[in-house]
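J.: sequence and computational prediction follow.
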Amino acid sequence: MLHLITGILLIIGLIGTILPVVPGAPIAYIGLIVFKFSDDCTYSWLTIIVAGIFVLIGFLLDYLLPSYFTKKLGGTKYGVWGSILGLIVGLFFPPIGFIIGPFLGAFLGELLLSKSNTKSALKSAFGSFVGFMVTTGYDIILVLIFIGIFVYQLI
């Protein structure tokens with residue numbers, strides 16, 4: 001039964017790396033913890049602790065990198081907030097909305113609220129997009145590693 005629960009949590013976690021409303025890596029991490037109580041599990045609690053540290057790093061990056069890249073490329077708080085709002089609106093238009101939403105939100109936030117010119121608004125939007133893609137990539141790789149650990153344990 002623990003195998004099934006772990007597998008479901010890992011799949012939900014993988015899906016959650018793409019859907020921002022679902023905390024993908026933390027859910028997958030819970031899957032690893034559940035499997036730790038299985039008789040088939042041979043990894044140590046140190047593995048759980050290290051995995052938890054990587055999940056925490058990912059959690060921090062999810063919130064820090066998009067705004068960092070937006071600001072690094074000349075964006076303002078309007079671009080950052082526009083990116084967040086764009087992401088929320090993008091949830092209603094999967095899967096492309098997850099990618100275009102933050103970009104358009106940052107662009108419109110800069111253009112309309114910050115009164116930036118089109119070139120600097122595009123630059124800011126690109127920063128938001130890069131931050132989002134980097135954090136998403138990190139989460140996907142992390143959850144795939146968790147899945148690899150689980151599969152290795154089953155073999």
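T.: Looks like it came in fine.
J.: check what pLDDT K36 gets.
T.: pLDDT for K36: 95.
J.: quick one: secondary structure of the residue lying closest to it once chain neighbours are set aside?
T.: In this structure, K36 finds its nearest non-sequential neighbour in I48, 6.0 Å apart by CB to CB, 6 or more residues apart in numbering. Every C-beta, even on glycine, is put in place using the N, C-alpha and C of the backbone. Under DSSP: H, G, I helix; E, B strand; the rest coil, I48 falls in the helix class.
J.: so I48 sits against G31, correct?
T.: No - counting by CB atoms under 8 Å, G31 is not a contact partner of I48; they are 11.2 Å apart.
J.: re the thing from before, now do the residue nearest to K36, the pLDDT please.
T.: Looking at I48, its pLDDT is 96.
J.: OK, contacts around Y29?
T.: Y29 makes contact with G13, A51, G52, V55, F146 under the criterion CB atoms under 8 Å, 6 or more residues apart in numbering.
J.: how far away is it from I147?
T.: Y29 sits 12 Å away from I147, going by CB to CB, to the nearest Å.
J.: what does F132 give?
T.: F132 is 22 Å from I147, by CB to CB.
J.: now swap in I155 and tell me
T.: Applying CB to CB to I155 and I147 gives a distance of 13 Å.
J.: contact partners for P94?
T.: L19.
J.: ah, wrong one, I meant L85
T.: The contact partners of L85, by CB under 8 Å, 6+ apart, come to G105, G109.
J.: and with 7 Å instead?
T.: Counting by CB atoms under 7 Å, 6 or more residues apart in numbering, L85 makes contact with G105.
J.: can you check the pLDDT for it?
T.: pLDDT, L85: 86.
J.: before we move on, which element is it in?
T.: Element membership of L85, judged by DSSP states H and E, is helix 77-90.
J.: can I get that helix in CSV, CA atoms only?
T.: The C-alpha trace of helix 77-90 is given here as CSV (Å, rounded to 0.1, in the frame of the first residue of the first chain):
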residue,chain,number,x,y,z
LYS,A,77,7.9,46.0,-8.9
TYR,A,78,5.1,46.4,-11.4
GLY,A,79,6.8,43.9,-13.7
VAL,A,80,7.2,41.5,-10.8
TRP,A,81,3.5,41.9,-9.7
GLY,A,82,2.4,41.7,-13.3
SER,A,83,4.3,38.4,-13.7
ILE,A,84,2.6,37.0,-10.6
LEU,A,85,-0.9,38.1,-11.9
GLY,A,86,0.0,36.8,-15.3
LEU,A,87,0.8,33.4,-13.8
ILE,A,88,-2.5,33.3,-12.0
VAL,A,89,-4.5,34.2,-15.2
GLY,A,90,-2.3,31.7,-17.1
